[in-house]
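Enquirer: I would like to see how this sequence folds:
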Amino acid sequence: MKKLFLTGLISLFIISCSKKEDSQALTTDSADISTPVNSNVSGKDLIEGSDCMACHNAVERTIGPSYKEIAEKYSDKDIEMLASKIIEGGSGVWGSVPMQPHPQVSKDDAKKMVEYILSQKK
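Expert: Predicted coordinates for the structure are as follows:
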């Protein structure tokens with residue numbers, strides 16, 4: 001029974017940290033079918049619509065660092081690098097639990113997310 005519970009808990013963790021598919025990744029505008037739907041969405045909204053909150057929150061460390069901790073460690077010069085971390089994943093900076101890659105997130109959306117996170121510095 002204990003083993004079954006542990007297996008279920010691990011499965012839940014893996015599912016909650018896995019990528020979410022964006023069913024509306026592109027518009028269907030005939031002028032430019034590659035225009036991202038998220039072009040006018042804020043970084044905060046992008047984060048809230050993703051799986052980020054499964055491992056992070058604004059002020060307290062959970063599985064990963066809080067947005068406030070990230071904002072205190074990094075600056076605007078790190079936006080490109082942090083956006084790449086969101087897309088490609090990473091490990092070792094904040095402990096032994098790796099951040100899962102999010103290849104479905106565009107570079108522009110990842111930058112918006114990072115800009116929002118860095119705005120939490122206060």
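Enquirer: Give me the three-state assignment for Asp78.
Expert: helix (DSSP: H, G, I helix; E, B strand; the rest coil).
Enquirer: can you pull the contacts of it?
Expert: Val114 (Cβ atoms under 8 Å, 6 or more residues apart in numbering). Just so you know, the C-beta spots here come from the backbone N, C-alpha and C atoms, and that holds for glycine as well.
Enquirer: got the CA positions of the host helix or strand of Glu115 in PDB?
Expert: According to DSSP states H and E, Glu115 maps onto helix 107-118. Extracted as PDB, the C-alpha positions of helix 107-118 are listed here (Å, rounded to 0.1, in the frame of the first residue of the first chain):
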ATOM      1  CA  LYS A 107      11.500  33.100 -27.000                       C
ATOM      2  CA  ASP A 108       9.400  36.300 -26.900                       C
ATOM      3  CA  ASP A 109       6.900  34.800 -24.400                       C
ATOM      4  CA  ALA A 110       9.800  33.500 -22.300                       C
ATOM      5  CA  LYS A 111      11.300  37.000 -22.200                       C
ATOM      6  CA  LYS A 112       8.000  38.400 -21.100                       C
ATOM      7  CA  MET A 113       7.800  35.900 -18.300                       C
ATOM      8  CA  VAL A 114      11.400  36.700 -17.200                       C
ATOM      9  CA  GLU A 115      10.600  40.400 -17.300                       C
ATOM     10  CA  TYR A 116       7.600  39.900 -15.000                       C
ATOM     11  CA  ILE A 117       9.700  37.700 -12.700                       C
ATOM     12  CA  LEU A 118      12.500  40.300 -12.500                       C
END
